[in-house]
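[1] Give me a model of this one.
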Amino acid sequence: MSLLRVQDLTKRFGGLVAVNDVSFDVEAGEILSIIGPNGAGKSTLFKLIASFLKPTAGRVLLEGEEISGLKPHIVARKGVVRTFQETTVFKEMTALENVVVAHHLRLKAGLLGVYFASPRARADEASFRASASEILDYLGLGHVKHERARNLPHGYLRALGIAVAMAAEPRVLLLDEPFAGMNPEEKDRAVRMVRGIRDRGITVLLVEHDMPSVMRISDRIVVISFGTKIAEGTPEAVRNDPAVIEAYLGAEDETLGH
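    Predicted structure coming up:
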């Protein structure tokens, strides 16, 4: 059984069909990328998978359990966790404090326990700090863990957003354009980071415009155009697919990684 199954997903906004009958499986331990020209429906598809939008038709299954239609925080608790194009961190907090705060999704102490600093709450906080520090070290952010987020370069700030998502202990991590706005050195570091996340046993599903990075990092690629899946396969197969080449013709800001 696939870890995540996208089955006949459709999303309509009035007369506009943003996602049209899209299906694919995501296997445990793989890096699968969703690509397509601007306006193809990639971000809408991502929101459907993470349950930020309710599908008009179709469903999303996590190990056979339907998760489409559930509240996003419930889906996150089940292990499907999404990052955002906009970096959602607290700029006045340090990197470490940001990741500690994100751990509170897993809080074992009740609110009263937190307020009165119960032994359980103190134990949770100590555990969260240790886990946050380990995540930052693993993602190559250990040397900036005590820096305020507002002082971090763009690449580190986006990596911190991923660290925040990892605090929720995802089984499937959904990365929304993780390489956006990065210089070549930052992209190289981000590619290594995403591979490292997969090496931790976390399945990665990403939407990305940067085709060279996608071709380097992906085990498989799903291509959508005008809301419809037009191709699926290995990077090499997708790169040479006539339908994909045609879909990208005329897209000045995008290449297929040649």
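
[2] For Val154, the count of nearby residues, please.
    That one is not Val; residue 154 is His. Residues near His154, counting by other CB atoms under 10 Å, number 13. Every C-beta, even on glycine, is put in place using the N, C-alpha and C of the backbone.

[3] And the helices in the stretch 1-150 of the chain?
    42-49, 72-78, 95-102, 111-115, 119-138 (DSSP state H, counting those that start in this stretch).

[4] Provide the contact partners of the second one at residue level.
    What that stands for is helix 72-78. 50-52, 62, 65, 67, 70, 82, 105, 168, 170-171 (CB atoms under 8 Å, 6 or more residues apart in numbering).

[5] Farthest-apart pair in the residues you listed, please.
    Put simply, by CB to CB the two of the contacts of helix 72-78 set farthest apart are Glu65 and Leu105, 19.3 Å from each other.

[6] Flag the shaky bits of the stretch 1-150 of the chain, pLDDT-wise.
    Applying pLDDT under 70 to the stretch 1-150 of the chain flags the ranges 84-87, 105-118, 121.

[7] Kindly reformat the helices of the stretch 1-150 of the chain as TSV containing mean neighbour count.
    Formatted as TSV, these follow (neighbours: other CB atoms under 10 Å):
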stretch	mean neighbour count
helix 42-49	23
helix 72-78	16
helix 95-102	23
helix 111-115	12
helix 119-138	16
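
[8] Out of those, which gets nearest to Arg239?
    helix 42-49 (17.8 Å).

[9] Residues contacting the closest one, please?
    4, 6, 9, 11, 18-19, 22, 34-36, 53-55, 60, 68, 80, 82, 85, 174, 176, 205, 207, 224, 227.

[10] From those, keep the buried residues only.
    4, 6, 9, 11, 18-19, 22, 34-36, 53, 55, 60, 68, 80, 82, 174, 176, 205, 207, 224, 227 (16 or more other CB atoms under 10 Å).

[11] Break this structure down into its structural domains.
    Following automatic domain parsing, one gets these domains for the chain: 1-79+175-180+204-258, 85-169.

[12] The first one: how far from the chain's middle?
    How far domain 1-79+175-180+204-258 lies from its chain's middle: 11 Å, per CA atoms, centre = their mean, to the nearest Å.

[13] swap in the shortest one?
    Its chain's average C-alpha position is 17 Å from that of domain 85-169, according to CA atoms, centre = their mean.

[14] Let's have the domains of the chain in a markdown table, adding distance to Ile197.
    Shown next, in a markdown table, are the domains of the chain (distance: least, CB to CB, whole Å):
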| stretch | distance to Ile197 |
| --- | --- |
| domain 1-79+175-180+204-258 | 6 |
| domain 85-169 | 7 |
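
[15] ok, back up a step: how about the helices of the stretch 1-150 of the chain, which one is nearest Asp219?
    Closest among the helices of the stretch 1-150 of the chain, using CB to CB: helix 42-49, at 17.5 Å.

[16] can you map out the strands along the stretch 101-250 of the chain?
    172-176, 203-207, 220-225, 228-233 (DSSP state E, counting those that start in this stretch).

[17] For those strands, please prepare CSV with the additional fields distance to Ser131 and mean pLDDT.
    Converted to CSV, these look like this (distance: least, CB to CB, whole Å; pLDDT from 0 to 100):
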stretch, distance to Ser131, mean pLDDT
strand 172-176, 16, 94
strand 203-207, 20, 96
strand 220-225, 31, 96
strand 228-233, 36, 96
